[in-house]
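[1] Provided below are the primary sequence and the corresponding predicted coordinates.
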Amino acid sequence: MTTNLMTQGASRVGVETKTYFRAADTLFFTFLFPFVMLAIFSAAFSASGEVGPPGAEISIAALYLPAMLAAGIFLSGVQNLAIDIALEKSNGTLKRLGGTPLSPVGYFAGKIGQVFVTGTLQAGLLILAGGLVLGIDLPTEPEKWVTFAWVFVLGLTTCALLGIALSALPRSGKSAAAVVIPIGLILQFISGVYLQWNMLPDWLQNVASLFPLKWIAQGMRSVFLPEGWESLEQNGSWNLPGVAIALGIWLVVGFVLSRITFRWIRRDA
């Protein structure tokens, strides 16, 4: 039984990943979009010079690298899966899969596995582009990369589960993008992705703190921004235990909601 589920999951990861890279719109708006935004922000605001607290100034590109990494995690998990699964419900793909031996566990494993494959590739290429093309100084301390690893894995898993849950919101596949993308854009604007976090009013920071993207972005800033930038955070510190707790809570919420909202077409499944 376990071996069969693992085989199903591994097979679905390959199928889902191939499908992902063959869909031009998905490829652009989830995989390539953070690269495009990093390039735009770097070019548009480079004339303003370095920014940051005294003694900790960095380039605009360095400021937006952790933000785009957080955006990539969010887009790969929430936006990608929410739209993709809603479309599969609408076009009959789930109905066809429901008539095969594929189990819900195998289906979820394929979706989440695809998110990890593409999300890891995206993050690696973003970091390489930042270091090699934009000249960003990357962290050298091992503990920084340990922090990056657990924030990335926890954030991506959480976003994948929330994406599965959010796929139940659109009423049809045609409305999926119109429903999901605005939600994603609003969260990115209020969570310190497109706008510098300390520029947001306190009440908006408090609202953003209710959602996981803010905590993913904060975790990424703690890795890639130099010492001194933590003073601009809401509580004057990176608060990594808070990052872990908030993402852990949303992980559980995402798991419960995905179990409640996801349905095969077949009743007996």
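    Looks like it arrived, so ask away.

[2] what packs against the host helix or strand of Leu156?
    Element membership of Leu156, judged by DSSP states H and E, is helix 142-166. The contact analysis (3 or more Cβ pairs under 8 Å, 6 or more residues apart in numbering; DSSP states H and E) places helix 142-166 against helix 60-74, helix 80-90, helix 104-128, helix 212-224, helix 240-261. From N, CA and C alone the C-beta is placed, and that goes for glycine too.

[3] may I have the lowest-mean-pLDDT helix or strand in the chain exported as CSV, CA atoms only?
    The weakest-scoring helix or strand in the chain, judged by mean pLDDT, DSSP states H and E, is helix 93-98 (a mean of 77). Output in CSV follows, covering the C-alpha atoms of helix 93-98 (Å, rounded to 0.1, in the frame of the first residue of the first chain):
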residue,chain,number,x,y,z
THR,A,93,-9.6,16.3,-15.4
LEU,A,94,-10.5,15.5,-11.8
LYS,A,95,-13.5,13.5,-13.0
ARG,A,96,-11.3,11.5,-15.2
LEU,A,97,-8.7,11.0,-12.5
GLY,A,98,-11.4,10.0,-10.1
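
[4] what's it packed up against?
    helix 80-90.

[5] orientation of the helix it packs on relative to helix 104-128 in degrees?
    In terms of direction (axes from the mean of the first three to the mean of the last three Cα atoms, to 10 degrees), helix 80-90 departs from helix 104-128 by 140 degrees.

[6] next, the angle helix 142-166 makes with helix 80-90.
    20 degrees.

[7] list the buried residues of helix 80-90.
    Neighbour-count burial for helix 80-90, counted by 16 or more other Cβ atoms under 10 Å, picks out 80-90.

[8] can you name the residues in contact with it?
    20, 26, 30, 93-94, 97, 111, 115, 118, 160, 163-164, 166-170, 172-174, 176-177, 180-181, 262 (Cβ atoms under 8 Å, 6 or more residues apart in numbering).

[9] how about stretch 107-116?
    For stretch 107-116, the external contacting residues (Cβ under 8 Å, 6+ apart) are 5, 8-13, 15-17, 20, 76-77, 80-81, 84-85, 97, 156-157, 159-161, 163-164, 258.

[10] quick one: mean pLDDT over it.
    Stretch 107-116 carries an average pLDDT of 92.

[11] could you do stretch 221-236 as well?
    Averaging pLDDT along stretch 221-236 yields 95.
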